[in-house]
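**Student:** curious how this folds, go ahead:
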Amino acid sequence: TEDLQTQFLSVKEETKSSHVMEFGDMKFNTEQIQEFLGGVQGSAIDKQLRRITAPAAIKDYCADKVASPNVPLAILYNRLMDATTEQEKTELRIALSDELSLRNQIADVTAKIVEGANNSDQDMTSEILSTKTQPRDFDCAEAAVHAYSSSCFDVS
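**Tutor:** Presented below is the predicted three-dimensional model:
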């Protein structure tokens with residue numbers, strides 16, 4: 001039997017292309033998961049839950065997953081694949097190209113900001129840009145995102 005905190009940590013560890021977060025009252029994190037699942041063990045509901053949470057079912061379900069930042073690209077790509085007219089295909093190719101250009105501009109501006117913030121140290125810039133970290137000061141992070149969004153690109 002697993003508690004909510006153990007399940008959260010497990011899901012967070014296994015999830016690579018999305019943001020796993022906790023919200024609300026954390027006093028419940030030691031509660032057993034079975035307390036939140038309806039039905040009685042051995043019931044039809046319990047059997048169905050076991051079937052849909054089996055590793056093979058999860059693997060099949062996640063086969064076409066897309067990292068959340070890439071959802072707009074995936075939508076445009078899928079629309080392009082489904083397009084039937086040349087005009088529609090051309091418009092979608094332009095939209096894809098614009099989205100990719102914007103992403104490159106954002107990456108370039110971000111790299112220049114990081115490089116300027118650490119006195120043009122290329123090794124440090126590369127390390128910072130390639131390392132995924134969590135903010136330690138959320139007020140500061142929020143202010144930085146606001147400043148970046150209002151001065152550079154809207155990333156909110």
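
**Student:** where does the residue nearest the centre of the chain land in three-state SS?
**Tutor:** The chain has residue 18 as the residue nearest its centroid, 2.9 Å off, counting by CA atoms, centre = their mean. Secondary structure assignment for residue 18 (DSSP: H, G, I helix; E, B strand; the rest coil): coil.

**Student:** you'd agree it is up against residue 67?
**Tutor:** Yes: in this structure, residue 18 is within contact of residue 67 by CB atoms under 8 Å, at 7.2 Å. Quick note: C-beta positions are derived from backbone N, CA and C, even for glycine.

**Student:** where do the contact lists of the two overlap?
**Tutor:** Common contacts of residue 18 and residue 67 (CB atoms under 8 Å, 6 or more residues apart in numbering): none found.

**Student:** state the mean pLDDT of the strand or helix carrying residue 129.
**Tutor:** Assigned by DSSP states H and E, residue 129 falls within helix 122-130. Helix 122-130 comes out with an average pLDDT of 86.

**Student:** kindly report the same for stretch 146-156.
**Tutor:** 83.

**Student:** over to stretch 77-87?
**Tutor:** Regarding stretch 77-87, the rounded mean pLDDT is 90.

**Student:** got the buried residues for that stretch?
**Tutor:** For stretch 77-87, the neighbour count (16 or more other CB atoms under 10 Å) marks residue 80 as buried.

**Student:** so what touches it?
**Tutor:** Contacts for stretch 77-87 (CB under 8 Å, 6+ apart): 89, 92, 93, 96.

**Student:** most surrounded residue in these?
**Tutor:** Greatest neighbour count in the contacts of stretch 77-87, by other CB atoms under 10 Å, goes to residue 92: 19 neighbours.

**Student:** please, which helix or strand holds that one?
**Tutor:** Per DSSP H and E: helix 86-117 holds residue 92.

**Student:** that helix: how far from the chain's middle?
**Tutor:** Relative to its parent chain, helix 86-117 has a centroid offset of 19 Å by CA atoms, centre = their mean, to the nearest Å.
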